[in-house]
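Student: Structure for this input, please:
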Amino acid sequence: MGIVETVGAQGCVERLYDGDGDGFGLSGVVLCTCTASIPYTTVEGGDCNDSNSQVFPGATEACNAKDDDCNGIPDEPGSTGCLVRYEDVDSDSYGTTSACVCAGTTGYALLAGDCADDDPSRNPGADEVCDAEGIDENCNGAAGEQNAKGCTTWYFDGDGDAWGIATSSRCLCAAEGKYAAAVSGDCNDGNAAMAPTLAETCDLLDNNCNGQVDEGVMSPFYKDNDGDLYGGTSVKEACTAPIGYAPDAGDCNDYNPGIHPGATEVCDDLDGDCDGLVDEGLTLLTIYRDNDGDGFASSAAVATQKCNIPVGYTTAKDVTADGKSDWDCNDSNVVAYPKADEICDGADNDCDGIVDVQCPDACPGTWPYDVSIPHHTPIRLIDLDGDSIDELLVIDSSGKLTRVSPNGTGTAVCPSLTFSGAADARTSFTVNPALGNWKVHLVQGTRIWDLEACVEVKAAAGDLTGFGVVGDWDGDLALDYAGHLQVSASTCFKRAATWTTSCVASPSGKPWDGAMVVWELDGDGRDEVIAVRGRTFPGTTYYDGY
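Tutor: Numbers count the residues shown, from 1 in each chain. Below you'll find the predicted structure:
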């Protein structure tokens, strides 16, 4: 307790010593007086520097290293002349809460932004470090951002194939977004099928990014001109067969689609399956050279084994059905071969050793129209001269061709026909106009070799059809006609095919069963019936109408 000086009177006021006259005195230095007396002039104590009138409680604090307001703290925050600084607990030169403090005040930093003021390693000026804890060292709100210490270069990988492009990279603590490739070198970052470590596949792409496309993986294809899926020797490498190419070679004829390896061998004189052999494994025929193309070979022809019969060759034939092969007797004559039709040409056509059987003489005559006598009839009605009146043609057993006029008279057209030999003769015939001098021939056979005219004969002798037959019936080596010709003045033909004595009596008294025609012969307004008597009756008879 300070000294109290009393001036005397009761009721005095204790006044403090105020040496600097700032209104505040020294605590503990008191004088009780009735009135203020310098230096005891104030009742306010607390002056911490009574020799400086600028220092007293409540004075304005100034940044002067003094305790101007006598609060025990010199230059506290807010002092006049203070500077804005930031509280820096960890003394890392970065603070948090701002304050206006005097320069040199400890615990404050010039810079703010410290995100962890208890860790001097974390502040805006610190280096970001890649760490597993994900700490934000530089207080930018992100942990382990691009270019942090310990970062790794990651490349942009647009196609997700783990290969990036060298021109776009970031140094990151870990893969981030499209920056996820640890290596670069992708030659096409828009196609995951293209990367340096991929195997090359045949797809028209540079899969392994070596600057080559489909190297070592393409297949050979061969030019296939005929479209049979086999090619020749011209080769092209590709992933798939180009148009006009095939995957397999070995075609020995690339212009024939039926010829290629594996094809079925057929008989065509070609190597169908390209094995170097022709027509192998097929059934072989024994063939012979046929020089004239008539289907028969000479008995002297050399036998050849072949699967087919080429032009100019034939097989052996047994047309006589005797169990033996029949051979061509003249292999340079196309109309001479076994069983051929015998024609009048001075040759043995049917190879039976007989030349020109039954060849008739020619007879002159003018025939303005074609005349056709159908099968097995020795009589025929036809308009020969174009006058719209039919003429009747009759052939008898002697070979005489007679034209019968409407008045019933007959004119011999070929009165002197003769036959060579006594072999088969025939009765039906066809008369055609000549191409030259208008002659008519009565010939055997169906082939026409005399261009002057022809008669086609088909029915064989001995064919007892009831139409009459020509043959040597009496053994005199002359041809006979088996049949009769009758003319009746009335049509008394019955369904039973018989003639009655009330009409016309037959010479033999036997029924008429031969060929017939109905014709007006004598102009009496009634038709006459002309008929041929069949079977084996020698001679030929012509009867006028009544």
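
Student: for the protein, where's the lowest mean pLDDT among helices and strands?
Tutor: Sorting the helices and strands of the chain by mean pLDDT, DSSP states H and E puts strand 439-440 at the bottom, at a mean of 26.

Student: which stretches of the stretch 201-350 of the chain form helices?
Tutor: For the stretch 201-350 of the chain, helices defined by DSSP state H, counting those that start in this stretch do not occur.

Student: Return, as residue ranges, the portions of it with sub-threshold pLDDT.
Tutor: By pLDDT under 70, the stretch 201-350 of the chain has no low-scoring segment.

Student: List the buried residues of stretch 146-156.
Tutor: A148, C151, W154, Y155, F156 (16 or more other C-beta atoms under 10 Å). Yep, even glycine has a C-beta here, placed from its N, CA and C like the rest.

Student: Point out the ones among the residues you listed that are inside strands.
Tutor: If you go by DSSP state E, these have W154, Y155, F156 in strands.

Student: Let me know the pLDDT of I389.
Tutor: pLDDT for I389: 61.

Student: same thing with F429?
Tutor: 33.

Student: got it, and A126?
Tutor: So A126 comes in at 93 (pLDDT).

Student: Look up how far T60 lies from T105.
Tutor: Distance, T105 to T60, using C-beta to C-beta, to the nearest Å: 17 Å.

Student: Using the record's assignment, carve this protein into domains.
Tutor: 1-57, 74-123 (automatic domain parsing).

Student: count of neighbours near C70?
Tutor: Residues within reach of C70, counting by other C-beta atoms under 10 Å, total 20.

Student: thinking A109 is in contact with Y86, fair?
Tutor: Yes - contact criterion C-beta atoms under 8 Å: A109 and Y86 qualify, at 5.1 Å.

Student: Mind listing the shared neighbours of those two?
Tutor: Common contacts of A109 and Y86 (C-beta atoms under 8 Å, 6 or more residues apart in numbering): Y94, G95.

Student: and the closest residue in space to I259 that isn't next to it in sequence, what does it touch?
Tutor: Spatially, and ignoring its direct neighbours in sequence, I259 is nearest to N253 (4.2 Å; C-beta to C-beta, 6 or more residues apart in numbering). Contact analysis of N253 by C-beta under 8 Å, 6+ apart lists D226, I259, L270, D271, C274.

Student: And the third one, how far from G281?
Tutor: Spelled out, that is L270. 14 Å.

Student: quick one: which of those two has more around it?
Tutor: Neighbours were counted for L270 and for G281 using other C-beta under 10 Å; L270 has more, 17 against 9.

Student: wait, isn't that one in contact with V278?
Tutor: Yes - contact criterion C-beta under 8 Å: L270 and V278 qualify, at 6.4 Å.

Student: quick one: the single longest strand found in the chain to strand 152-156, angle?
Tutor: The longest strand of the chain (DSSP E) is strand 163-172. Going by axes from the mean of the first three to the mean of the last three C-alpha atoms, to 10 degrees, strand 163-172 is angled at 140 degrees with respect to strand 152-156.

Student: Determine the next helix or strand in the C-terminal direction from strand 163-172.
Tutor: strand 179-181 (DSSP states H and E).

Student: give me every residue that touches T152.
Tutor: C130, C171, L172, C173, A174, A182.

Student: let's see it at 10 Å
Tutor: Residues in contact with T152 (C-beta atoms under 10 Å, 6 or more residues apart in numbering) are C130, R170, C171, L172, C173, A174, A175, A182.

Student: ok, the third one to A143 distance?
Tutor: Going back to what we said before, that points to C171. Counting by C-beta to C-beta, the gap from C171 to A143 is 15 Å.

Student: in stretch 110-128, what counts as buried?
Tutor: Buried, per 16+ other C-beta under 10 Å, within stretch 110-128: A112, D114, C115, A116, D117, P120, R122, N123, P124, A126, E128.

Student: mind exporting that stretch as PDB, just the C-alpha atoms?
Tutor: C-alpha atoms of stretch 110-128 as PDB (Å, rounded to 0.1, in the frame of the first residue of the first chain):
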ATOM      1  CA  LEU A 110       2.300 -11.600 -44.700                       C
ATOM      2  CA  LEU A 111       0.500 -14.200 -46.800                       C
ATOM      3  CA  ALA A 112      -2.800 -15.900 -46.200                       C
ATOM      4  CA  GLY A 113      -4.300 -19.200 -47.600                       C
ATOM      5  CA  ASP A 114      -2.800 -21.700 -45.200                       C
ATOM      6  CA  CYS A 115      -5.200 -24.700 -45.300                       C
ATOM      7  CA  ALA A 116      -3.500 -26.500 -42.400                       C
ATOM      8  CA  ASP A 117      -2.000 -23.900 -40.000                       C
ATOM      9  CA  ASP A 118      -0.800 -26.700 -37.700                       C
ATOM     10  CA  ASP A 119       1.300 -28.200 -40.400                       C
ATOM     11  CA  PRO A 120       4.200 -26.100 -41.700                       C
ATOM     12  CA  SER A 121       4.500 -28.500 -44.800                       C
ATOM     13  CA  ARG A 122       1.100 -27.400 -46.100                       C
ATOM     14  CA  ASN A 123       0.600 -23.900 -47.400                       C
ATOM     15  CA  PRO A 124       0.100 -22.200 -50.700                       C
ATOM     16  CA  GLY A 125       3.800 -22.100 -51.300                       C
ATOM     17  CA  ALA A 126       4.400 -25.700 -50.700                       C
ATOM     18  CA  ASP A 127       5.100 -28.200 -53.400                       C
ATOM     19  CA  GLU A 128       2.200 -30.600 -54.200                       C
END
